[in-house]
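**Q** what shape does this take:
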Amino acid sequence: MEDELKKRNESLKEVARQLSELAHQALAATHQLAQDRPVGNTSFLRVLEATYRRSYGTLDAVVYLSGAPDFGLGNPSMILTRSIVEDGISIEYMLAGDKEKLARQFQDFAYVQGHQDNKFLEDTGLDQQPIVQASIKDIEDNYKKVRQQYKKSGDGSIFRTWSGIDVDGMLRLISNMDLPNFKASDVASFTRSYLSGNRKTHFNPIDLAVYLDERHLHMSYAESAVSALAVGLSVYIRLTTRYIDEISHALNKNLYRNEAKTVIEILEKMNNLDFYDVNLDQLNK
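**A** Numbering: from 1, shown residues only. Below is the predicted model of the structure:
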């Protein structure tokens, strides 16, 4: 058993090394893309721009954490990958529907969140300063303008999320649409990664149990690091191609072709990696 565990750990180290190198290449190739401010004023492009820029920084952090000695920060790296996965699902959900309408709905939900924060401040008696009160008034005025679109048809209560459904619900809707750019393998990868990331993000008995067994804990570190790199990088590449397509469409120019070519090549290299006895299906179960 000890020999098998040692063999598996060595295999994980090699896979992590190769994935980390590919992630570095992807980040280097897309650095300028993440810094540029495209001239385009559609709501969806603005949301995608912000999402992409955040995902760039998140993947950079995943690479850093996954490279810790003995994968000691492997589990936190998977928590960050869960954030990239949620970004990816949300963008795919918008693309599968009326992307402009959904993007505006997402943006306007900021006033709903601001209203909820204001209610908390009011209930706790915090921040009664004049400057805060002025800000609260502005938020409340805008909340009154947008709140109708977030009311449930049944009891009239306000949605808890911008879309009215959670990320799991978005993923189910997308998977049922049989989209050409969102295959069964994509659904499986997104779902497993999202669930795994959730367990590590929240106070969860399944995830906490590994911290009571030293051997399982170190294996969990290693598997999480590899999974975080593989899933985080693949979703980031997907976001990259979506972002480039959207910029090119908005400006009616064929832009960032070199970046697109590079990340697709990196994705192909990922698919050709020798995972030995390690593969993404195993890691995400």
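**Q** which helix or strand contains Pro180?
**A** Using DSSP states H and E, Pro180 falls within no helix or strand.
**Q** ramachandran coordinates for it?
**A** phi -60, psi -30 (degrees, to the nearest 10).
**Q** neighbours of it, how many?
**A** 6 (other Cβ atoms under 10 Å). Where C-beta positions appear, they are placed from N, C-alpha and C, glycine not excepted.
**Q** would you indicate which residues of the helix or strand hosting Ser55 are buried?
**A** Under the criterion of DSSP H and E, Ser55 resides in helix 43-66. By neighbour count on 16 or more other Cβ atoms under 10 Å, the buried set for helix 43-66 is 43-45, 47-49, 51-53, 55-56, 58-63, 65-66.
**Q** quick check: closest non-adjacent residue to Arg242.
**A** The spatially closest residue to Arg242, leaving aside those adjacent along the chain, is Ile91, at 6.0 Å (Cβ to Cβ, 6 or more residues apart in numbering).
**Q** wait, isn't the one you found in contact with Leu48?
**A** Yes: contact criterion Cβ atoms under 8 Å: Ile91 and Leu48 qualify, at 6.2 Å.
**Q** so what sits against both of the two?
**A** Residues touching both Ile91 and Leu48 (Cβ atoms under 8 Å, 6 or more residues apart in numbering) are 239, 242.
**Q** can you pull the buried residues of stretch 21-38?
**A** So for stretch 21-38, counting by 16+ other Cβ under 10 Å, buried means 22-23, 25-27, 29-30, 33-34, 38.
**Q** quick one on the thing from earlier: residues contacting the residue nearest to Arg242?
**A** Per Cβ under 8 Å, 6+ apart, neighbours of Ile91: 47-48, 51, 239, 242.
**Q** which one among those residues gets closest to Leu73?
**A** Leu239 (23.3 Å; Cβ to Cβ).
**Q** just checking, what packs against the helix or strand harbouring the closest one?
**A** Per DSSP H and E, Leu239 falls inside helix 214-251. If contacts are counted by 3 or more Cβ pairs under 8 Å, 6 or more residues apart in numbering; DSSP states H and E, helix 214-251 sits against helix 2-35, helix 43-66, helix 74-96, helix 184-201, helix 257-271, helix 280-284.
**Q** just how off-centre is that helix within its chain?
**A** 8 Å (Cα atoms, centre = their mean, to the nearest Å).
**Q** who are the neighbours in contact with Ser196?
**A** 78, 82, 224, 227, 284.
**Q** count of neighbours near the third one?
**A** So that's Ser224. Neighbours around Ser224, by other Cβ under 10 Å: 27.
**Q** which residues sit in contact with it?
**A** 71, 74-75, 77-78, 196, 200.
**Q** one more time with 10 Å, if that's ok
**A** Contacts for Ser224 (Cβ atoms under 10 Å, 6 or more residues apart in numbering) come out as 65-66, 71, 73-79, 81, 196-197, 200, 207, 210, 283.
**Q** one step back: among the buried residues of stretch 21-38, show me the least confident.
**A** Scanning the buried residues of stretch 21-38 for pLDDT, the low point is Pro38. It has 83.
**Q** pLDDT score for the residue lying closest to that residue once chain neighbours are set aside?
**A** The shortest distance from Pro38 to any residue other than its chain neighbours is 4.7 Å, reached at Ile247 (Cβ to Cβ, 6+ apart). As predicted, Ile247 sits at a pLDDT of 94.
**Q** isn't Ile247 up against Leu48?
**A** Yes: in this structure, Ile247 is within contact of Leu48 by Cβ atoms under 10 Å, at 8.7 Å.
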